[in-house]
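# predicted structure and sequence below. I'll ask about it afterward.
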2 protein chains.
Amino acid sequence: MSSVVDLKLIRRDQFTPSLDALTSLTSHEMRRVNQTIIAHMDSPVILIRKVAEHVVAAGGKRLRPMLTLASAGLCGYTGERHIGLAACVEFIHTATLLHDDVVDEDMLRRGTASANAVWGNKASVLVGDFLFSRAFELMVADGALEVLRVLSQASSTIAEGEVMQLITANDVETSEAAYLEVISSKTARLFAAATEVGAIVADASEAERRALESFGYNTGMAFQLIDDVLDYSAHQAILGKTVSNDFKEGKITLPVLFAYGAADKRERRFWHRTLVDLDQGEGDFGHALKLLNQSGALTGTVDRAREYAVAAQAALDQFPDGRIRAALLEAVEFVVDRSY
Amino acid sequence: MSSVVDLKLIRRDQFTPSLDALTSLTSHEMRRVNQTIIAHMDSPVILIRKVAEHVVAAGGKRLRPMLTLASAGLCGYTGERHIGLAACVEFIHTATLLHDDVVDEDMLRRGTASANAVWGNKASVLVGDFLFSRAFELMVADGALEVLRVLSQASSTIAEGEVMQLITANDVETSEAAYLEVISSKTARLFAAATEVGAIVADASEAERRALESFGYNTGMAFQLIDDVLDYSAHQAILGKTVSNDFKEGKITLPVLFAYGAADKRERRFWHRTLVDLDQGEGDFGHALKLLNQSGALTGTVDRAREYAVAAQAALDQFPDGRIRAALLEAVEFVVDRSY
């Protein structure tokens, strides 16, 4: 463990941020979001219900729909529409995960067997398509073209990001800009859409809408950067992901780009052999961790995440102080500081 | 060839129906549909352009978008919106094909290597997602919620149909009703949406809209039934599909259900071995063809297709005679009679 960056050391104070405040503020509405999700997964086709329930039950933090609810709340919304749209955001995310399982051949996701491992590629692709379509049906039921515009654009950007990621895989010469473009598309855009949609249903001002979009976007960037750090930290075992998935697949993330940029000739040969040629043996992952730590690649990536987090928090400056704003600010802290 | 049903023998007259009239009537508008398709496949990600261009170039008859254009024309539409929506229908169809390649491991589609065989499963899933999302962006740009409702429902029904097909695969005890439900969902619903959307943009009466929906639906049912016959007919080599794909995969289609229903004990063991256990050897496909012909399974399926074709044509009764109506009536004849 000693060779692994301890995210806790980077924290500036004794305060341990969590999602508790956000979870508690949105818990009543999240129950209804979950009911909506379950109601719209319904299908006469049993396999669809099974796979969809499996994925939704595996669940995770439901961060994106909570952000939609809180964003609407921050803009003073008191209606009902944010429930369906929060469910819609989670459907898009879940469909992406299902298709990601096919793509990345992840055998474990969040500690339980991935849908792919249980039912095969076929079911993952098709049930993912079903969830995507149901997301669009939910949006159409909402009836706001502005919402449809934001979420359909986010969906095609996600697909572009996933394809870009496919292209940069195994290419250690990927530029930092190209990497940032990938995570912007595949992750941050949906966070941005999740928060912007909250502002739209609340009929917020253009300035509030842009502020919440920026909040979501920067939170999403920080989230993905930390995800990429966690994939290389020993803590990841707690996350339930197979250790060093990105390494095994030769996925090119910022920690690797930083380490490669600082590498000498012999170290570059190591990265080429393991990530480009995918010629990996025992001890290689340990050596990779050593190089990532020695070069400051992991702490460097966390620093970068913190910059996005600061930008996310600054975007909320224009909103009056209150419980929702405080919960959102803490959620961003959590995103950067979560070491589990 | 003598053991194979000759579809031409089933035709009632000397007239050889074709898509020529429909193609010629819509050719001017189809050029613009194709331009719209190419413009909306554009992406900074080169791989997306390559895969999408490959799939769109492989092309096929573009029957669905032609039906949208002709349906709008039949209702007297003179505007522009049907161009984008016809492109949208083709995007949904193309995305489905891409995901179908992953699912069925088809190595050949329409005579050229499938996108899957060239770029792999990953690219097929993700570019399919991209095309789906672009289809929704096109619909949102159109701005009509009614259109969005029809097409998003069609999309989730297609996904349900594909999953149902996955479930019935290798199950020779599938009921005819279950098979019809599969092809209704995976094929006929998109045909129905393609024609209904034409009526919607033309602001047609409810009666005209229902008539065109019924026309599209029944045409789609006939189309899929004949596709399933062609997969077992020697003529399929001309279609460019790998011979006997459905057989190799153990896909359960109406010809097989008819033959299985008429089978004696020994023949049932044959179908079980080849389609359920997928234990297939040389000569098995020839034997399957023999059983399909002897039992009248292929001609029986064509008869069923003809019933749907008759219903499709009857749905156009309420429209005044004219070139568009005549072209649509002939297109249905072609769908049933195409022996190539």
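Yep, it's here. Small disclaimer: the values here were computed from a predicted structure and weren't measured.

# okay, strands next: where are they in chain A?
Applying DSSP state E to chain A gives strands spanning A:108-109, A:112-113.

# check contacts around A:Asp129.
Contacts for A:Asp129 (CB atoms under 8 Å, 6 or more residues apart in numbering or on different chains) come out as A:Ala95, B:His99, B:Phe132, B:Ser155, B:Ile158, B:Ala159, B:Glu162. For glycine as for every other residue, the C-beta is placed from the backbone atoms N, C-alpha and C.

# among those residues, name the ones in helices.
Secondary structure from DSSP state H places A:Ala95, B:His99, B:Phe132, B:Ser155, B:Ile158, B:Ala159, B:Glu162 of the contacts of A:Asp129 in helices.

# neighbours around the second one, how many?
Same thing as B:His99. With neighbours defined by other CB atoms under 10 Å in any protein chain shown, the count for B:His99 comes to 29.

# I'd say it and B:Val125 touch.
Yes: between B:His99 and B:Val125 there is a contact under CB atoms under 8 Å: 6.6 Å.

# overlap in contacts of the two?
Taking CB under 8 Å, 6+ apart as the criterion, B:His99 and B:Val125 both touch A:Val125.

# now do the closest residue to chain B within the stretch 151-300 of chain A against B:Glu196, distance only.
Residue of the stretch 151-300 of chain A nearest chain B, by CB to the nearest CB: A:Ser156 (3.3 Å). From A:Ser156 over to B:Glu196 the distance is 25 Å, taken as CB to CB, to the nearest Å.

# swap in A:Glu53?
In this structure, A:Glu53 and B:Glu196 are 32 Å apart, going by CB to CB.

# between the two, which one's more packed in?
Neighbour comparison, A:Glu53 and B:Glu196: the larger count goes to B:Glu196, with 26 against 13 (by other CB under 10 Å).

# for the more buried one, give me its contacts.
Counting by CB under 8 Å, 6+ apart, B:Glu196 touches B:Ser71, B:Val150, B:Arg209, B:Leu212, B:Glu213, B:Gly216.

# turn those into TSV, including pLDDT.
Shown next, in TSV, are the contacts of B:Glu196 (pLDDT from 0 to 100):
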residue	pLDDT
B:Ser71	98
B:Val150	96
B:Arg209	98
B:Leu212	98
B:Glu213	98
B:Gly216	98
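
# near chain B, which residues of chain A are found?
Residues of chain A lying near chain B by CB under 8 Å from any CB of the partner chain: A:43-48, A:99, A:102-103, A:121-123, A:125-127, A:129-130, A:132-134, A:136-137, A:139-140, A:143, A:145, A:148-149, A:152-153, A:155-156, A:158-160, A:162-164, A:166-167.

# need the contact list for A:Ile200.
By CB under 8 Å, 6+ apart, A:Ile200 lies in contact with A:Ala144, A:Glu146, A:Val147, A:Val150, A:Arg209.

# and those as TSV, adding neighbour count?
Output for these, formatted as TSV (neighbours: other CB atoms under 10 Å in any protein chain shown):
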residue	neighbour count
A:Ala144	16
A:Glu146	13
A:Val147	22
A:Val150	24
A:Arg209	22
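
# worst-scoring helix or strand of chain A, pLDDT-wise?
Using mean pLDDT, DSSP states H and E, the weakest-scoring helix or strand in chain A turns out to be strand A:108-109, at a mean of 39.

# pull the CA atoms of stretch A:294-303 into PDB?
Extracted in PDB, the C-alpha atoms of stretch A:294-303 (Å, rounded to 0.1, in the frame of the first residue of the first chain):
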ATOM      1  CA  GLN A 294       7.500   8.200  -8.500                       C
ATOM      2  CA  SER A 295       6.600  10.500 -11.300                       C
ATOM      3  CA  GLY A 296       3.900  12.200  -9.400                       C
ATOM      4  CA  ALA A 297       1.400  11.200 -12.100                       C
ATOM      5  CA  LEU A 298      -1.400  10.200  -9.600                       C
ATOM      6  CA  THR A 299      -1.100  13.300  -7.400                       C
ATOM      7  CA  GLY A 300      -0.800  15.400 -10.600                       C
ATOM      8  CA  THR A 301      -4.000  14.000 -11.900                       C
ATOM      9  CA  VAL A 302      -5.700  14.700  -8.500                       C
ATOM     10  CA  ASP A 303      -4.500  18.200  -8.700                       C
END
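
# what are the buried residues along that stretch?
A:Ser295, A:Ala297, A:Leu298, A:Thr299, A:Gly300, A:Thr301, A:Val302 (16 or more other CB atoms under 10 Å in any protein chain shown).

# quote the end-to-end distance of stretch A:37-44.
Stretch A:37-44 has its terminal residues 16 Å apart, counting by CA to CA, to the nearest Å.

# just give me the closest of the contacts of B:Glu196 to chain A.
Ranked by distance to chain A (CB to the nearest CB), those are led by B:Val150 at 9.5 Å.

# shouldn't that closest one be in contact with B:Val197?
Yes: counting by CB under 8 Å, B:Val150 does reach B:Val197; the two are 6.0 Å apart.

# and stretch A:28-39, which residues are buried?
Going by 16+ other CB under 10 Å, stretch A:28-39 has these buried residues: A:Glu29, A:Met30, A:Arg32, A:Val33, A:Asn34, A:Thr36, A:Ile37.

# and it, average pLDDT?
Computed over stretch A:28-39, the mean pLDDT rounds to 91.

# burial measure for A:Asp321, as a count.
Using other CB under 10 Å, A:Asp321 has 9 neighbouring residues.

# swap that for A:Ile48, sorry
24.

# from B:Lys290, how far out is it?
From A:Ile48 across to B:Lys290, the span is 37 Å (CB to CB).

# low-scoring stretches of chain A, by residue?
Applying pLDDT under 70 to chain A flags residues A:1-14, A:56, A:59, A:103-120, A:234-244, A:339-340.

# where do the helices of the stretch 51-200 of chain A begin and end?
Applying DSSP state H, counting those that start in this stretch to the stretch 51-200 of chain A gives helices spanning A:63-74, A:81-104, A:115-142, A:145-168, A:176-183, A:189-201.

# who does the second one touch, helix- and strand-wise?
Just to be clear, that refers to helix A:81-104. helix A:20-40, helix A:46-58, helix A:63-74, helix A:115-142, helix A:145-168, helix A:189-201, helix B:115-142 (3 or more CB pairs under 8 Å, 6 or more residues apart in numbering or on different chains; DSSP states H and E).
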